[in-house]
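Asker: whatever this is, show me its structure:
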Amino acid sequence: MRELTTAELEFISGGTDPENEDIIVTGTPYQPPYYYPPSYGYPPSYYPPTYPGGGYYPPTPPTDDYCPDQEAMQGADEIEAKNDDNSKEYGSLIYRTADGHVLHSPPLGGTGDTIPLSVYTDWMAANNVSWSQVEGMAHNHPVNVYGSSQEEENVNRYPSVGDWGFATFAMEHGAAAGFSLYINDTTGTLREFQNANRSQWENLSNDQKNNGYHLPTTTKACGS
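Answerer: Numbers count the residues shown, from 1 in each chain. Sure, this is the predicted structure:
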């Protein structure tokens, strides 16, 4: 091994006079094309998107930590998948787990136009879910029950007196301050009615409901 000369040391270190001994690097620095193998449950053909300059963004692992709207949509989809959802009400509780994930219960069935409170409380007891975890409830208004006329369908886009009664009970027993009712109407359109803003809907006349006063827009996926 030989010793480096003073000139060589100065060149490597940038020199003793930066104004006269600049080191200029030309060309594009090497950027390795990082490879993230298909994982986290993605299909074998999945490869994450590239970013400018090469390489890959790491894929985001799938998670069930969705927002309440997303869980309400999934609950409503599962209700619609029932073979008697056109003639029977089903509800799905939206709740938050101890580790912060937001989940929904399976469809909990009632009768034609009623879901007894015990259907919810029995499921909660069996699954160790308390009212303090509950952030909402999604349920359907079946077309064979509420679809005798266009006006009846329009009116039942909104929560019923019984629905607001459920919200009151949930809040009195410790449900989250942001508790919402999600109504899936006779056409399969899901809308959120926040308990905090219930005064703008609860006292509407049927004529006002028929004309869509303060009707919320369709519930969309998180972030959309």
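Asker: quick one: the closest residue to residue 80 other than its chain neighbours from residue 67, how far?
Answerer: Spatial nearest neighbour of residue 80, excluding adjacent residues (Cβ to Cβ, 6 or more residues apart in numbering): residue 188 at 6.2 Å. In this view, the C-beta of every residue, glycine as well, is placed from N, C-alpha and C. Per Cβ to Cβ, to the nearest Å, residue 188 is found 21 Å from residue 67.
Asker: got a pLDDT number for residue 65?
Answerer: Predicted confidence (pLDDT) at residue 65: the value is 56.
Asker: cool, and the one 5 residues further on?
Answerer: Reported pLDDT at residue 70 in the predicted model: 93.
Asker: name the helices or strands packed onto the one helix or strand it maps to?
Answerer: Assigned by DSSP states H and E, residue 70 belongs to helix 68-80. Identification of packing neighbours for helix 68-80 by 3 or more Cβ pairs under 8 Å, 6 or more residues apart in numbering; DSSP states H and E yields strand 90-96, strand 102-104, strand 134-140, strand 180-184, strand 190-194.
Asker: looking at those, spot the one closest to residue 171.
Answerer: Across the helices and strands packed on helix 68-80, residue 171 has its closest neighbour in strand 134-140 (9.6 Å, Cβ to Cβ).
Asker: which is the next helix or strand following the closest one?
Answerer: Next along the chain from strand 134-140, counting by DSSP H and E, comes helix 143-146.
Asker: by contact count, what packs against whatever helix or strand comes next after that next one?
Answerer: Going down the chain from helix 143-146, the next helix or strand is helix 150-155, by DSSP H and E. With contacts taken as 3+ Cβ pairs under 8 Å, 6+ apart, helix 150-155 sits against helix 143-146, helix 206-210.
Asker: hmm, try it at 6 Å
Answerer: The contact analysis (3 or more Cβ pairs under 6 Å, 6 or more residues apart in numbering; DSSP states H and E) places helix 150-155 against helix 206-210.
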